[in-house]
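J.: coordinates for the following, if possible.
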Amino acid sequence: MNIDTSKIIGHIVGISTYDKNNFIELWNKTNINKETTLIDLNTITEKILNDEKMGLLYNKYEELMNNKIKSNNLKIKDLEKKMTDYWKVKMEYYLIKYIKNSNKYILLIGYISYFKNHKININLNINTKYLVKVNIDDNIKKIIKYNLDNNRDDIIDSNFDLNYLNKDFLTKTRLNIIMVYKKLNYNLMTLNNIIKSIELNYYNDKPKILYHCSTILHDKKINLPINDEEFHIITYTDDWLSMISPYIEDNKLNIQKGIKNKKKYVKITNDDIKILNKNYYLYEITDTLNFIPYPTKNNTYKYIISKPIKFNRMIEIDNIIDNLKKLDINIIKI
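T.: Okay, here's the model as predicted:
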């Protein structure tokens, strides 16, 4: 089945159950919420898991698992495949149905992967795909607290999977989800930034040119940074902004920037000047359609993409400070 993604303005993965009300409150404060329909994919998965056919498959699966006979192993694998295939077909069916019946744009939340094996998933052909960035330890503690507070009777009656009270299990699951959705080109951001990014992407036109500066020499395409925890390529609307925010594998810069009396300036330490005193490569990108805005305090000047991107041309820079001066940027040492 082919899912029409033209009406989907974004998909957010990783909103924990305890934080869903907070998300809805934040989303309802946006201007865009009245123009969109919110679809929770986790609710669709629950609907699929509770339907008659899935129930029959699961009962057969449980029966074979309880018998613990080696000859059942192939049958068990076959049933697992039937369940995941059934989930995928039904998920696509419901998505197509809901999108077709909506006269608004669509925002998806929840997992578009099978809860027992996130490698079984549907890869949406959109750029506004996000995974919520959290402190994993804090997040796991909140999940366990939520599960204890809201599933007390099920826990007492032994109807609750105790894995969802286990820190190691929940941590492993979260890390697995991160790796799966990283491969699906999802952007890792805080929930607040995700909402702002979706809004900015909806209302603003894409810039015609973007710039990426790096210590890495790329050939034809700029590849995703290997060690970057947010696994996306960062670009800027102006060359000088890119030059003072280059991708460096081993160092972090702390340069202040701004415009005062219509003149651009940067405030920079001697340590940062030393870091910038090496070869850099400035890439000009004209294929900007698939980039999404990364929220900043003032104007929107930062854009990201979570997959390799072709560049139009490359300029080698042997001294960034000298180049900033040529661009009439005021250099202020602090």
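J.: from here on, just use CA atoms for contacts and neighbour counts.
T.: Noted.
J.: may I see the domains of the chain written out as residue ranges?
T.: Residue ranges for each domain of the chain read 8-200, 206-333, as given by automatic domain parsing.
J.: relative to Asn2, which of these is closest?
T.: Checking the domains of the chain against Asn2 by C-alpha to C-alpha gives domain 8-200 as the closest, at 8.0 Å.
J.: just the helices in the stretch 151-300 of the chain please.
T.: 152-156, 167-183, 191-203, 239-243, 270-276 (DSSP state H, counting those that start in this stretch).
J.: how far does the helix or strand where Glu62 lies sit from its chain's centre?
T.: For Glu62, the element it lies in under DSSP states H and E is helix 52-67. Chain-centre distance of helix 52-67: 34 Å, with C-alpha atoms, centre = their mean, to the nearest Å.
J.: for it, name the packing helices and strands.
T.: helix 73-101 (3 or more C-alpha pairs under 8 Å, 6 or more residues apart in numbering; DSSP states H and E).
J.: can you rerun that using 6 Å?
T.: For helix 52-67, not one helix or strand is in contact under the criterion 3 or more C-alpha pairs under 6 Å, 6 or more residues apart in numbering; DSSP states H and E.
J.: which parts of that helix are buried?
T.: 54, 57-58, 61, 64 (16 or more other C-alpha atoms under 10 Å).
J.: same deal with stretch 218-235?
T.: 222-225, 230-235.
J.: and if you look at stretch 303-314?
T.: 303-307, 309-311, 314.
J.: before we move on, back to that, so which of the helices of the stretch 151-300 of the chain comes closest to Ile109?
T.: helix 191-203 (11.7 Å).
J.: hmm, who's touching the closest one?
T.: By C-alpha atoms under 6 Å, 6 or more residues apart in numbering, the surrounding residues in contact with helix 191-203 are 132, 293-295.
J.: could you export those as TSV, including neighbour count?
T.: Below are the contacts of helix 191-203 laid out as TSV (neighbours: other C-alpha atoms under 10 Å):
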residue	neighbour count
Val132	19
Pro293	26
Tyr294	22
Pro295	20
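J.: identify the farthest-apart pair in those residues.
T.: Val132 and Pro293 (15.8 Å).
J.: quick one: contacts for Lys129?
T.: Shown in contact with Lys129 (C-alpha under 6 Å, 6+ apart): 10-11, 186.
J.: so which of these are in strands?
T.: 10-11 (DSSP state E).
J.: and the contacts of Lys129, which is closest to Asp85?
T.: His11 (21.9 Å).
J.: could you report the pLDDT at that closest one?
T.: Per-residue confidence for His11 comes out at a pLDDT of 98.
J.: what's the answer for Lys68, then?
T.: For Lys68, the model assigns a pLDDT of 69.
J.: can you check Leu324 too?
T.: So, for Leu324, pLDDT stands at 88.
J.: and if you look at Tyr93?
T.: pLDDT, read off for Tyr93, is 95.
J.: and the gap between it and Ser113?
T.: Per C-alpha to C-alpha, to the nearest Å, Tyr93 is found 15 Å from Ser113.
J.: more neighbours: which of these two?
T.: Ser113 (24 against 14; other C-alpha atoms under 10 Å).
J.: for that one, what are its contacts?
T.: Ser113 makes contact with 120-121 under the criterion C-alpha under 6 Å, 6+ apart.
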